[in-house]
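need a structure here:
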Amino acid sequence: MAVSATIEKMIYNSLHITGTADSFTQSRVSDEIADGILFIRKYCDPAASCEPGTEYAEMLKSYVMYAEDGAIDQFAENYRMEIRSGRIESETDAYAEAMQY
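Numbering: from 1, shown residues only. Reported below is the predicted structural model:
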C-alpha cells in the first residue's frame, strides 16, 4: 500500500524523527502506517482517510505509537469505543445512503 507523503510527514513529526531516517526505520514506520490504515479501514470505516486534519488522523498517529512500543493489542483495547463508534457511524451512513435518506 502506497502511503502519501503528507501522512508520512505527520507520523514522522509525531515520532519526533527529524532529518532522514535510516532505511530500516523508514521501512518499519511505513509498514506500521500501512497496517494502521488497514486496521482503521477494516474496523472503523472502509472509506476512511487518514490524511492530516481528517477524522482518523489522530487514531493513525496513536496506532503507530502503539506499534512502535509493540502494544497493538493494547491499542485495540484502549480505543475500542472510538473503533466501535466509527464502525456504527460508517454502517449508519451506508444504510442511509442505500435507503436514500
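
pLDDT weak spots in the chain?
For the chain, applying pLDDT under 70 flags the ranges 101.

residue nearest the centroid of it?
Nearest to the mean C-alpha position of the chain, counting by Cα atoms, centre = their mean, stands residue 60 at 2.7 Å.

show me what contacts that residue?
7, 11, 33, 36, 37, 40, 50 (Cβ atoms under 8 Å, 6 or more residues apart in numbering). In this view, the C-beta of every residue, glycine as well, is placed from N, C-alpha and C.

what's the second one in contact with, if anything?
Pointing back at residue 11 there. Residue 11 sits in contact with 29, 32, 33, 60, 61, 64, where contact means Cβ under 8 Å, 6+ apart.

Which members of those residues are positioned in helices?
29, 32, 33, 60, 61, 64 (DSSP state H).

and the fifth one, how many neighbours?
Looking back up the chat, that one is residue 61. 20 (other Cβ atoms under 10 Å).

is it true that it touches residue 14?
Yes - the pair residue 61 / residue 14 is scored as a contact, 4.6 Å apart, by Cβ atoms under 8 Å.

shared neighbours of these two, anything?
Listed as contacting both residue 61 and residue 14 by Cβ under 8 Å, 6+ apart is no residue at all.

just the helices in the protein please.
5-14, 23-43, 57-68, 72-78, 80-98.
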